[in-house]
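Asker: Coordinates for the following, if possible.
(one chain, ligands or ions: 1)
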Amino acid sequence: MAGANLQKPIWEQIALETFQKNFYIESPEVSSRPEAEVQEFMAARGITVQGQAVPRPLFTFSDCPFPDPIRAALAQQGWQQPTPIQSMGFPLALSGRNMVGIAQTGSGKTAAFLLPALVHIAAQPPLRLQDGPICLVLVPTRELAQQVQEVANTFGLVVGVRNVCVYGGASKANQIRDLDHRPAIVIATPGRLLDLLEMGRTNLRRCTYLVLDEADRMLDMGFEPQIRRIVDQVRPDRQTLMWSATWPREVQSLARDYLGEFVKVTIGSQDLTANPNITQHVQVCQEWEKEHLLYRLLPQLCYTGAKILIFAETKRRVDEVDRQLRSQGYASLAIHGDKQQSERERVLAQFKGGYAQLLVATDVASRGLDIDDIAAVVNVDFPAQIEDYIHRIGRTARSHKTGTSYSFITAKHAKLARELIDLMTATGQEVNPRLYDLCGASRDYARSRANAPRQHRGGQMHQPPLPPPPPRSIQRPPPTASVLGRSP
Ligand code: AMP
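Answerer: I've put the predicted structure just below:
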């Protein structure tokens, strides 16, 4: 395994230079807010915290003690106020605390850890010739690495902080060359970073701000030994911030082993969190009905011109669905792990730029894909785990927007039906009664779920889950389809 030759330093025998990690001074506006107002703010945003001496949430960007260039960059982004995870994440991270953030994808967590990272970096002595990064962000996939890099560029470059992204499947030589420029931030997937550490192309001796992003996903992908090997290379008094959409036992044990004392911030439900701004429709069907269902649904989704992301189970199936869609005149693109990195990037850029309305993907696109105008997600094949379902549908309704998801589920995924019902109920969705049949739930169970408290958002559809068809005149693929529908 990569990194097998890396020795864990004996920290007790190493004289470590002291470093500063607490920069937070609460503003008088924040201190003077009545406690009731603070509690109301947190309750309204579904923020819960666990831990000692937790700072108060920040209501506005003017509550946040960021340097002027960062304030200006925030204004330029047009962001009006911190998202809930930022409200809590900013003061915690700025005070040098270790933290776990449990938040759905699209919640603004990248800025929640990167903006304080920039303040942390600015307070450290300049990097010397042989120094590695001050901030390390570990991520599960190349796509997520690139997305984190976009935010690091937006805000980092205005304060003169360089970053480098290192991930597998791309040229090592280029990444080594970039590392030679001594970036203060390295954003990395675990395997490639271990390779580079072993080659001596970078080191973590100066790393004092460590971020584990999408920890649950990294563990699902089997990166635990690599993560442990990497974290062992970082001085133990570092600041560690761990982010995850879910809080399973494996993530808890990672936090226990590497975070020491930490504050846990949860946005939304304590368990699985799906974005409540997504209206979820689920159709229970047979495998052979899927094609018909898809072609009944697509004209209704496509006529607005909005982007649609379609998930299928395997690479072969993605190619097949994509081919079929194009043969029907739809402007479709495909992305999966067999495609070269450069091709994946090109496809994503085309989809982002609106050159095609449909993108068919495997789970390679279920996390980290941040395209803010995807109006709907269609799961032609249901994912293998409910966590993946949350991530897939989380590709729509980014930041404060709303979105819709449509999922076809067959008996093959019956074992997920109960979790799906719970998830939908927790986010105020109408549950298709056929889902109860699928999980073989007793009438009592169904009744008890139906009576469970909901954060209801009004009359969602019941059964059938697909919205009514549009007028006949627009029940055709969009006019651009045949022009754009060439192979990527
Ligand atoms: P993330 O969860 O970090 O992937 O962010 C999801 C999306 O939210 C990205 O498109 C960000 O640009 C956007 N975003 C992050 N913070 C804010 C904010 N405070 N206000 C509006 N949009 C934001």
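
Asker: Contacts only, for residue 62.
Answerer: Neighbouring residues of residue 62 by C-beta atoms under 8 Å, 6 or more residues apart in numbering: residue 29. For the C-beta atoms, the positions are set from N, CA and C on the backbone; glycine is no exception.

Asker: what kind of secondary structure is it in?
Answerer: helix (DSSP: H, G, I helix; E, B strand; the rest coil).

Asker: Start at 2, not 1
Answerer: Yes, from this point I'll number from 2; that puts the last item at residue 63.

Asker: Now do it, the pLDDT please.
Answerer: Looking at residue 63, its pLDDT stands at 93.

Asker: ok, which residues in this structure are in contact with the ligand?
Answerer: 80, 83-84, 87, 107-112, 371, 373, 399-400 (C-beta under 6 Å from any ligand atom).

Asker: Which among the residues you listed count as buried?
Answerer: 80, 83-84, 87, 107-112, 371, 399 (16 or more other C-beta atoms under 10 Å).

Asker: just to revisit the earlier point, among the residues of the chain next to the ligand, which lie within helices?
Answerer: Using DSSP state H, the subset of the residues of the chain next to the ligand located in helices is 87, 110-112.

Asker: farthest-separated two in those?
Answerer: For these, the farthest-apart pair by C-beta to C-beta is 87 and 111; their separation is 9.8 Å.

Asker: From the residues of the chain next to the ligand, which one has the minimum pLDDT?
Answerer: Lowest pLDDT within these is found at residue 400 (69).

Asker: Who is residue 335 paired with across the strands?
Answerer: Per DSSP bridges, the residues bridged to residue 335 are residue 361.

Asker: pLDDT weak spots in this protein?
Answerer: Across the chain, residues meeting the criterion (pLDDT under 70) sit at 270-274, 367-369, 400, 442-489.

Asker: For the residue most central in space within it, which non-adjacent residue is spatially closest?
Answerer: For the chain, residue 106 is the residue whose C-alpha lies nearest the centre (C-alpha atoms, centre = their mean; 3.6 Å). Excluding the flanking residues, the one nearest residue 106 by C-beta to C-beta, 6 or more residues apart in numbering is residue 395, at 3.9 Å.

Asker: The one you found: what's it in contact with?
Answerer: By C-beta under 8 Å, 6+ apart, the residues touching residue 395 are 105-107, 246, 275-276, 279.

Asker: Using CSV, lay out these together with secondary structure.
Answerer: CSV is the format used below for the contacts of residue 395 (three-state DSSP):
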residue, secondary structure
105, coil
106, coil
107, coil
246, coil
275, coil
276, coil
279, strand
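
Asker: Among the residues you listed, which one lies nearest to residue 437?
Answerer: residue 275 (18.8 Å).

Asker: From the ligand, how far off is that closest one?
Answerer: Distance from residue 275 to the ligand, counting by C-beta to the nearest ligand atom, to the nearest Å: 14 Å.

Asker: Pull the contacting residues for that residue.
Answerer: Residue 275 neighbours (C-beta under 8 Å, 6+ apart): 105, 281, 390-391, 394-395, 424-425, 427-428.

Asker: From those, list the buried ones, please.
Answerer: Members of the contacts of residue 275 classed as buried by 16+ other C-beta under 10 Å are 105, 281, 390-391, 394-395, 424-425, 427-428.

Asker: mind listing which of those are in helices?
Answerer: Among the buried ones among the contacts of residue 275, the members found in helices (DSSP H) are 390-391, 394, 424-425, 427.

Asker: The closest residue to the ligand within the stretch 152-301 of the chain: what's it in contact with?
Answerer: Closest residue of the stretch 152-301 of the chain to the ligand, C-beta to the nearest ligand atom: residue 152 (6.6 Å). Residues counted as contacts of residue 152 (C-beta under 8 Å, 6+ apart) are 111-112, 115.

Asker: ok, those vs the ligand, which is closest?
Answerer: residue 111 (3.2 Å).

Asker: Please name the residues that touch the closest one.
Answerer: Residue 111 sits next to 148-149, 152, 214 when contact means C-beta under 8 Å, 6+ apart.

Asker: from these, which single one is nearest residue 5?
Answerer: Nearest member of the contacts of residue 111 to residue 5, counting by C-beta to C-beta, is residue 214, at 24.5 Å.

Asker: Could you report the neighbour count for the closest one?
Answerer: Applying other C-beta atoms under 10 Å, we find 25 residues neighbouring residue 214.

Asker: repeat for the one 10 residues further on
Answerer: For residue 224, the number of neighbouring residues by other C-beta under 10 Å comes to 21.

Asker: check contacts around it.
Answerer: 141, 191-192 are the contacts of residue 224 under C-beta under 8 Å, 6+ apart.
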